[in-house]
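> pasted the sequence and its predicted model underneath.
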Amino acid sequence: MISADRMAQVDANAAALGVPRKQLMESSGNAVAREVRAVADPGARVAVVAGRGNNGGDAFVAARFLDGDGSHPSARRNGDSDGGYDTSVHLLGRAETIATDIARENWDALRRGEYDAEEVGDSRDFDLPDCDVVVDAMLGTGVTGALREPEATVAERINDADATVVSVDVPSGVNADTGEALGASADATAVEADRVVTFHDAKPGLDSLDAEVTVADIGIPAAAERLVGPGDLLPVRSGTKGDDARTYVVGGGPYTGAPALAAQAALRTGADLSFVAAPDPVAPQIQGYAEDLIVQSYDGDHLTPEQVPDLVETAESYDDVVVLGPGLGNADETLEAAKRFLAEFSGRAVVDADALPVVPEVETDATLVCTPNRKELAEMGGPEVESADALRDHADEIEAFADELGHVVLAKAKDDVISDGERTRVSTAGTPGMTVGGTGDTLAGTAAGLLATHDPFQSACMAAYANGRAAELLDHRRHDGLLASDLLDALPRALWGEDDE
Ligand SMILES: NC(=O)C1=CN([C@@H]2O[C@H](COP(=O)(O)OP(=O)(O)OC[C@H]3O[C@@H](n4cnc5c(N)ncnc54)[C@H](O)[C@@H]3O)[C@@H](O)[C@H]2O)[C@@H](O)CC1
Ligand SMILES: [K+]
């Protein structure tokens, strides 16, 4: 099962892996043509009713495969008297308004190839021709809201027609995630399909329909789902910046750079305000690294359980996303404090570095993203991974560990493995230069900035990819000598830039 949003991500990942959408469209159209062949014999009359998006584009391709008068070489070879169908294509709207290049190219191919293809300017002029099969390609997963005109009227004509209705991807006007007709009213219009050819994977909403559903393999590589790619960034790229997103790094003491890097990465990733809570003696130093941060100090030179109630109260009252761990050190009192923090905190947090080993030891209501390296993963009770290259070979064990832990695990190495115990993805983004200190801190801060407005698993996937991608964007200049602080500059481009699409 795959949701419409995830399908769009996978599709963008496939393009990044070298299988562009136009190629997928060719496979989709071919699959639609196969379905028509399954419901009607050659020579039957097929009316293709297409919208101006890629759903229509799929059907333009199908028309090329279906149309014919029996003279196609394959039909002759097979000894069929007539391998083709009497096919007409009806585009709802003018060709200039076709929304995507690939759909327009397939429309142009129909016109140049002298297929029977017309533009329908006004639905009042449109008489669905007498036909045996209607291919419904008005709208697919790109539909928003109730069917507008002319689609609504045409949907009624399709439903009234005495023909087998084959819908492309999803019946037009139906929400693929829920199976409901889109729109406010209970009697919202949608096409009633006899058959649906959907692509790549089943859609949750199609089960409840009174239609026979075929799932067609359109050649999307498995890696487009398994590997985190630019498609996984669609939630940030298509979303708006969260209002008042705030992050709160509880870190510093023996070290000062780590909390500063994490807090700055959070700002680069969409947080509006980034706070650091740090011990008195090091607070000015952390502030000195960056005027963009708001540093709040507490008594003592390292975190102790005494400070925890105040920190929890501050974080919870402002609904801050916490980063717990960077630069805290591992004094016994500090680990005790980390444990107490997690026991009392019920918000969202990224847990990194020295705070990680306490996670399995504590009951918490908090929503956590844990970001261990290989050594920390083992210390937490996760799998022992023999080398930095081998992490992804242990993906199944990491999934089992995340399931047992009850939190998202982002295990970082050459390739990162991200799991919530059910879903597991691998990020191969990154460069050899990233073994330098501090890149884990920018990763934790990035995850926190994203966690302010996105779900934990998605945030962890996006953070792993964006942090690695930031290094790739810089790598041509800094193959040796990359600094974690360099990544800060590149993070916004990695997240929102167009350069890897
Ligand atoms: N995403 C994928 O992975 C793939 C998608 N493919 C096809 O692409 C389709 C999605 O294409 P698009 O995203 O271009 O979207 P659609 O073709 O579903 O529809 C988009 C168009 O419909 C219009 N529209 C939206 N809501 C409307 C409403 N309520 N009434 C009237 N018009 C409305 C929009 O203005 C836009 O022009 C899929 O359903 C599938 O058929 C396939 O080609 C292969 C792979
Ligand atoms: K459709």
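Happy to help now that I have it. Numbers count the residues shown, from 1 in each chain. Ligands and ions are numbered 1, 2, ... in the order given.
> enumerate the residues of the protein near ligand 1.
For the chain, the contact set with ligand 1 under C-beta under 6 Å from any ligand atom comprises 7-8, 11, 24-25, 28, 51-56, 58, 99-100, 139-148, 151, 168-169, 199, 218. Heads up, the C-betas are built off the backbone N, CA and C, glycines and all.
> what about stretch 169-177, distance to the chain center?
20 Å (C-alpha atoms, centre = their mean, to the nearest Å).
> for the remainder of this discussion, apply numbering that starts at 22.
Right, with 22 as the first residue, what we last looked at is stretch 190-198.
> I'd like the distance between residue 60 and residue 327.
74 Å (C-beta to C-beta, to the nearest Å).
> please identify which of the two sits among more neighbours.
Neighbours per residue, other C-beta atoms under 10 Å: of residue 60 and residue 327, the larger number sits with residue 60, 17 against 13.
> in this structure, where's the longest helix?
helix 477-499 (DSSP state H).
> nearest residue to residue 320 other than its sequence neighbours?
Excluding the flanking residues, the one nearest residue 320 by C-beta to C-beta, 6 or more residues apart in numbering is residue 301, at 6.0 Å.
> report the contact partners of that neighbour.
Counting by C-beta atoms under 8 Å, 6 or more residues apart in numbering, residue 301 makes contact with 318, 319, 320, 321, 322.
> and the residue in the stretch 222-371 of the chain that ligand 1 sits nearest to, what's its pLDDT?
Across the stretch 222-371 of the chain, the shortest distance to ligand 1 (C-beta to the nearest ligand atom) belongs to residue 239, at 5.9 Å. Residue 239 is assigned a predicted lDDT (pLDDT) of 98.
> run a quick neighbour tally on it.
Residue 239 has 20 nearby residues by other C-beta under 10 Å.
> pretty sure it is touching residue 220, no?
Yes - taking contacts as C-beta atoms under 8 Å, residue 239 lies within contact range of residue 220: 4.9 Å.
> find residues that contact each of those two.
Shared contacts of residue 239 and residue 220, defined by C-beta under 8 Å, 6+ apart, comprise 45, 48, 49, 52.
> what's the closest of the residues you listed to ligand 2?
Relative to ligand 2, the closest of the shared contacts of residue 239 and residue 220 is residue 49; by C-beta to the ion it sits at 11.2 Å.
> distance of the residue of the stretch 222-371 of the chain closest to ligand 1 relative to residue 391?
Counting by C-beta to C-beta - residue 239 and residue 391 are separated by 36 Å.
> any chance you could map the helices in the stretch 372-521 of the chain?
Here the stretch 372-521 of the chain has its helices, by DSSP state H, counting those that start in this stretch, at 395-400, 416-426, 460-472, 477-499, 505-517.
> let me know the angle separating the longest one from helix 416-426.
Helix 477-499 runs at 130 degrees relative to helix 416-426, counting by axes from the mean of the first three to the mean of the last three C-alpha atoms, to 10 degrees.
> poorly predicted segments of the stretch 422-522 of the chain, please.
Residue ranges of the stretch 422-522 of the chain with pLDDT under 70: 497-500, 519-522.
> in the stretch 322-471 of the chain, what residue comes closest to ligand 2?
As assessed by C-beta to the ion, ligand 2 sits closest to residue 444 within the stretch 322-471 of the chain, at 28.0 Å.
> so which residue is smack in the middle of the protein?
Nearest to the mean C-alpha position of the chain, by C-alpha atoms, centre = their mean, lies residue 253 at 3.4 Å.
> SS state for that one?
Three-state call for residue 253 (DSSP: H, G, I helix; E, B strand; the rest coil): helix.
> tell me what the longest helix of the chain is packed against?
With contacts defined as 3 or more C-beta pairs under 8 Å, 6 or more residues apart in numbering; DSSP states H and E, the packing partners of helix 477-499 are helix 255-259, strand 388-391, strand 429-432, strand 437-440, strand 445-448, helix 460-472, helix 505-517.
> what does the helix or strand that contains residue 361 contact?
Per DSSP states H and E: residue 361 is located in helix 353-365. Contacting residues not belonging to helix 353-365 are listed as 271, 274, 323-330, 332-333, 345-346, 349, 370, 372, 375-376, 378-380, 382-385, 387, 389 [C-beta under 8 Å, 6+ apart].
> recalculate using a threshold of 7 Å.
271, 274, 323-326, 328-329, 332-333, 345, 349, 375-376, 379-380, 382-385, 387 (C-beta atoms under 7 Å, 6 or more residues apart in numbering).
> picking that back up, the residue of the stretch 322-471 of the chain closest to ligand 2: what's it in contact with?
Contacts of residue 444 by C-beta under 7 Å, 6+ apart are residue 478.
> repeat that with 10 Å
27, 246, 420, 423, 429, 478, 479, 482 (C-beta atoms under 10 Å, 6 or more residues apart in numbering).
> buried members of these into ChimeraX, please.
Buried members of the contacts of residue 444 can be picked out in ChimeraX with the line below, counting by 16 or more other C-beta atoms under 10 Å:
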select :27,246,420,423,429,478,479,482
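> export the contacts of residue 444 to a markdown table and tack on distance to residue 227?
A markdown table is the format used below for the contacts of residue 444 (distance: C-beta to C-beta, whole Å):
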| residue | distance to residue 227 |
| --- | --- |
| 27 | 15 |
| 246 | 19 |
| 420 | 28 |
| 423 | 30 |
| 429 | 29 |
| 478 | 24 |
| 479 | 24 |
| 482 | 26 |
